[in-house]
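Peer 1: Would you be able to build a 3D model of this:
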Amino acid sequence: MIDLFKGYKGQALSVLKNFKVRVWSDSEVQTTRGNFKGIILPRSENDDDLHIVLKLATGYNVGIDVNTITEMKEIGYKEAHYKIPEKEFPFTEGKPNIKLLGTGGTIASRLDYRTGAVIPAFSPGELYGAVPELADICNLQTEKLFAVFSENMGPDQYKKLAIAIGKEIEKGIDGIVIGHGTDTLHHTAAALSFMIQNSPVPIVLVGSQRSSDRPSSDAALNLIHATTTAATSDIAEVLVCMFGPTSDEYGLLHRGTRVRKMHSSYRSTFRTIGDVPLATVTRDGVVPIKHNYNHRRKDRNVTILPYFEEKVALIYYYPNMQPDMIYSLIDNGYKGIIIAGTGLGHVNKPLYPAIRKCKEKGIPVYMTVQTLWGYVHMFVYDTGRDLMSYGIIPAENMLPEVAYIKLGWALGQTDDIGKVKELMLTPIAGEITKREPYNGYLIYQGGIPEVEEFIKKVHK
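Peer 2: Modelled structure (predicted):
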């Protein structure tokens, strides 16, 4: 039997039955707060029974309180199907050959009307069905490696991804695009930056902040920009490609070890920290901002180092932190610790005994700064000097998450503390820089007259 009232219950169900209106019907709804027209959508099974959900012509959904409804009329009916059909990508002689590896995330997702949640569901082939412009850029091969949200990405996936990319490069691919959820995209970018060295082609991670069923989705344009980068860019590094400004003017290409997600919902959430982005990208191509990068090559030589020690922790220091946090890591067999300390790299004195015990147990502890911008400088104050004497090693200007990934990668290769230190403090993929450029730290404070004047000049 067909369920005509998917997910509705209680009062909401009674209203639909009373007015003889079905889910998926095109309906007119009169309420005490105005009139609406749109498609009646299913409800989440976890939601209340006090609202009816309507998809408006704009593409946005609105919840209507059933107690305000005075009249409903069904004016059409066609059950919606939200699955995008997979299409075989057309081959065009002479175009670059690009491999799209799917891992999941919002760029490869749809709305699940059972729960009301966004779920990983679109395969890479379905992505082509949604963004046919990709065929104008390249010949695209697709493979879905994983179907997970980015919070479920981890060392296992990093290693499999690195190995898969290595095989594609050896087979002669011209560029790699990786569809990935945005929440931990920068962790994966850092992992691949260490695991894949000397790549002859661009490796571009891309995601979207807003799912494909939303009018404001950035999925399609981000995919176009990422594919353009993989197909045409001279930058043969691990890159993150996402919106530059909040509008759709251009995308930015960030180095995989200097990028971080900085806003929970903005489409322009990714920012290069302590440096400037490598390039801008539009439909017309890539324009470098920096010129010291690894250039594309025609050879197939690449070094794949898919190693990772999972017993590594990242601790964000806070006032009054107790040493039992570090003791618990020691007792649970952790092999390395990254601390995001205050200021120039500090923690409180109660942690000193626990840090000394780490040194006694041969557990390397590295200091980063929770300010994100700037360097660890532990020679300036007594606190820093004491901490170094107890075994803490300054990690220069590595971002905390990047230091965490790099320590896991280093310990995955050796348990020799001296070799780990050499790996950690030797720049490999731009994770440590000699200095920050003058324009590598820009945070504009809204409301200040000169900033408001600047904003008006640039964006009316």
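Peer 1: Quick check: the residue nearest the centre of the chain vs residue 48, distance?
Peer 2: In the chain, the centroid-proximal residue (CA atoms, centre = their mean) is residue 182; its distance is 2.0 Å. Distance, residue 182 to residue 48, by CB to CB, to the nearest Å: 30 Å. The C-beta positions use only the backbone N, C-alpha and C, and glycine is treated the same way.
Peer 1: Residue 166: which element?
Peer 2: helix 155-171 (DSSP states H and E).
Peer 1: Return the list of strands paired to the next helix or strand after that helix, each annotated with direction.
Peer 2: For helix 155-171, the succeeding helix or strand toward the C-terminus, using DSSP H and E, is strand 175-179. Here strand 175-179 has these sheet partners by DSSP bridges: strand 97-102 (parallel), strand 203-206 (parallel).
Peer 1: Give the other helices and strands that the next helix or strand after the last one contacts.
Peer 2: Counting by DSSP H and E, the next helix or strand C-terminal to strand 203-206 is helix 219-232. For helix 219-232, the contact count by 3 or more CB pairs under 8 Å, 6 or more residues apart in numbering; DSSP states H and E identifies strand 97-102, helix 124-130, strand 175-179, strand 203-206, strand 238-243, strand 251-255, strand 279-282, strand 285-288 as packing neighbours.
Peer 1: Can you say which of these is nearest to residue 62?
Peer 2: Taking CB to CB, helix 124-130 is the member of these nearest to residue 62, at 24.2 Å.
Peer 1: quick revisit: would you mind putting the strands paired with strand 175-179 into CSV with distance to residue 422 alongside?
Peer 2: CSV is the format used below for these (distance: least, CB to CB, whole Å):
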stretch, distance to residue 422
strand 97-102, 32
strand 203-206, 25
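Peer 1: Of the ones you listed, which shows the lowest average pLDDT?
Peer 2: Lowest mean pLDDT within those: strand 97-102, at a mean of 93.
Peer 1: contacting residues around it?
Peer 2: 108, 123-124, 127, 137-147, 161, 164-165, 168, 172-179, 227, 230-231 (CB atoms under 8 Å, 6 or more residues apart in numbering).
Peer 1: Run the chain-centre distance for stretch 207-227.
Peer 2: With CA atoms, centre = their mean, to the nearest Å as the basis, stretch 207-227 stands 12 Å off its chain's centre.
Peer 1: And it, end to end?
Peer 2: Stretch 207-227 stretches 12 Å from its first residue to its last (CA to CA, to the nearest Å).
Peer 1: By mean pLDDT, point me to the weakest helix or strand of this structure.
Peer 2: Here the helix or strand of the chain ranked lowest by mean pLDDT, DSSP states H and E is strand 117-120, holding a mean of 54.
Peer 1: Give me the contact list for the helix holding residue 166.
Peer 2: Contacts of helix 155-171 (CB under 8 Å, 6+ apart): 99, 101, 103, 143, 145-146, 148, 176, 178, 188, 191-192, 195-196, 199-201, 203, 300, 302, 304-308, 310, 408, 412.
Peer 1: any chance you could map the strands in the stretch 301-450 of the chain?
Peer 2: Applying DSSP state E, counting those that start in this stretch to the stretch 301-450 of the chain gives strands spanning 303-304, 312-316, 336-341, 365-369, 392-394.
Peer 1: quick one, the third one and strand 312-316 angle?
Peer 2: Computed with axes from the mean of the first three to the mean of the last three CA atoms, to 10 degrees, the direction of strand 336-341 lies at 10 degrees from that of strand 312-316.
Peer 1: Who are the packing partners of strand 336-341?
Peer 2: Here strand 336-341 touches strand 312-316, strand 365-369, helix 400-411, going by 3+ CB pairs under 8 Å, 6+ apart.
Peer 1: can you pull the buried residues of it?
Peer 2: For strand 336-341, the neighbour count (16 or more other CB atoms under 10 Å) marks 336, 337, 338, 339, 340, 341 as buried.
Peer 1: Now flag whichever of the residues you listed is closest to residue 372.
Peer 2: Of all those, residue 372 sits closest to residue 340, with 8.8 Å by CB to CB.
Peer 1: wait, what's in contact with that closest one?
Peer 2: Going by CB under 8 Å, 6+ apart, residue 340 touches 314, 315, 316, 317, 368, 369, 370, 400.
Peer 1: ok, now how distant is residue 351 from residue 345?
Peer 2: Separation of residue 351 from residue 345 (CB to CB) stands at 13 Å.
Peer 1: out of those two, which sits in the busier spot?
Peer 2: Comparing residue 351 with residue 345 by other CB atoms under 10 Å, the one with more neighbours is residue 345, at 30 against 22.
Peer 1: any idea how far residue 332 is from that one?
Peer 2: As defined by CB to CB, residue 345 lies at a distance of 25 Å from residue 332.
Peer 1: swap in residue 437?
Peer 2: 41 Å.
Peer 1: Ok, residue 155 next?
Peer 2: Distance from residue 155 to residue 332, by CB to CB: 17 Å.
Peer 1: For residue 125, report the pLDDT, please.
Peer 2: Note on residue 125: pLDDT of 67.
Peer 1: correct me, but residue 207 touches residue 107?
Peer 2: Yes. Counting by CB atoms under 8 Å, residue 207 touches residue 107, with 4.9 Å between them.
Peer 1: and for those two, which residues touch both?
Peer 2: In terms of CB under 8 Å, 6+ apart, residue 207 and residue 107 are both contacted by the residues 179, 180, 181, 222.
Peer 1: Which of those are buried? Put it as a PyMOL command.
Peer 2: Here is the PyMOL command that selects the buried residues among these (16+ other CB under 10 Å):
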select buried, resi 179+180+181+222
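Peer 1: Looking at the shared contacts of residue 207 and residue 107, which is nearest residue 273?
Peer 2: Using CB to CB, those come closest to residue 273 at residue 180, 18.9 Å.
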